[in-house]
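J.: give me the fold of what follows.
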Amino acid sequence: MDELIRRRVYGADHDDPDPGPRPGHVYRELVAGPLDGLLLDVTGWTAGQLREGAALATEIGAYGPGGRALYGPGPADPRRWEWQGDTR
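T.: Next up is the predicted model:
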């Protein structure tokens, strides 16, 4: 977890003095795409939700405001969610 301490969590406010991971939470690292390097808090997600991945709201993807970036577990390491493209 030490390597995660300085990382920013997806959805944290930009002015949050501590936008990093919280103790007792479970995270997935977002790899590539517009949210590369952020952590996604998946605490409480079901096994099915973790296999499915997520469409995450972002203004910096291909569709701008209102767009979503698709991320899902990678084949080599399911804790690293790879970018699968953008959608509206």
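
J.: let me know the secondary structure of the residue lying farthest from the centre of the chain.
T.: Distance to the chain centre peaks in the chain at Pro17, reaching 19.4 Å (criterion: C-alpha atoms, centre = their mean). Counting by DSSP: H, G, I helix; E, B strand; the rest coil, the backbone at Pro17 sits in coil.

J.: for Gly20, see how far away the residue nearest the centre of the chain is.
T.: In the chain, the residue lying closest to the centroid (C-alpha atoms, centre = their mean) is Leu40, at 3.4 Å. Using C-beta to C-beta, to the nearest Å, Leu40 is found at 13 Å from Gly20. Bear in mind the C-beta positions are built from the backbone N, C-alpha and C, glycine included.

J.: what is in contact with the two at once?
T.: Val9 (C-beta atoms under 8 Å, 6 or more residues apart in numbering).

J.: just the pLDDT for the residue nearest to Asp41 when sequence neighbours are not counted.
T.: Distances taken as C-beta to C-beta, 6 or more residues apart in numbering place His25 nearest to Asp41, at 5.4 Å, with adjacent residues excluded. Note for His25: predicted pLDDT of 97.

J.: quick one, grab the pLDDT at Asp13.
T.: pLDDT recorded at Asp13 is 88.

J.: just give me the neighbour total for it.
T.: 7 (other C-beta atoms under 10 Å).

J.: what sits against it?
T.: Going by C-beta under 8 Å, 6+ apart, the list of residues near Asp13 reads Pro19.

J.: tell me the spacing between it and Thr43.
T.: Distance from Asp13 to Thr43, counting by C-beta to C-beta: 18 Å.

J.: same deal with Val9?
T.: For Val9 relative to Thr43 (C-beta to C-beta), the value is 11 Å.
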